[in-house]
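[1] Below is the sequence, then the predicted model.
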Amino acid sequence: MNPQERFHATMHYQPRDRCPIVEFGFWPETLLTWEQDGFPKGGDPRLFIGMDAPWVVVPDHYYGITREVKRLAPLVEEGGYIPTTDHAVPPNVPLQNYRHYIHEARRVWGQHEVRYVR
């Protein structure tokens, strides 16, 4: 069962191989200790630990948004990332940045162009 199937089964009260594993972040001190123990510097722990459906935070500038979307591409290709913003978009994120995130996510992850309702 891949992470997307696991999440879907959990949300629909269906049988699954295990509960989804989700982490909301890692303390910098923990990452530093892991790097000293051999974890790749700058690596994404979610890719190595086998976590499911990570949350996304929309950065506050276009370059950061594009970089984050590209960073998540391997998880999307694996089916282990469910694109959602939920509580991850702070209320101070400008609408234009959120629209840029949606545009970049669909462009990089191979989705259809987004249409905005006014």
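    Okay, I see it. If you're wondering where the values come from, they're calculated on a predicted model, not measured in any experiment. Numbers count the residues shown, from 1 in each chain.

[2] Now do stretch 107-117, average pLDDT.
    Stretch 107-117 comes out with an average pLDDT of 63.

[3] Same question for stretch 61-71.
    Stretch 61-71 carries an average pLDDT of 83.

[4] which parts of it are buried?
    Ile65, Thr66, Glu68, Val69 (16 or more other Cβ atoms under 10 Å). Just so you know, the C-beta spots here come from the backbone N, C-alpha and C atoms, and that holds for glycine as well.

[5] what's the domain layout of the chain?
    Here the domain parsing of the chain from automatic domain parsing is 1-52, 55-118.

[6] And those, which one averages the lowest pLDDT?
    If the domains of the chain are sorted by mean pLDDT, domain 55-118 sits at the bottom with a mean of 72.

[7] any chance you could map the helices in the chain?
    Applying DSSP state H to the chain gives helices spanning 3-11, 28-36, 45-49, 62-78, 95-109.

[8] any idea how far Lys41 is from Arg6?
    When distance is defined by Cβ to Cβ, to the nearest Å, Lys41 is 30 Å away from Arg6.

[9] neighbour-wise, which of those two wins?
    Between Lys41 and Arg6, counted using other Cβ atoms under 10 Å, the more crowded position is Arg6 (21 against 9).
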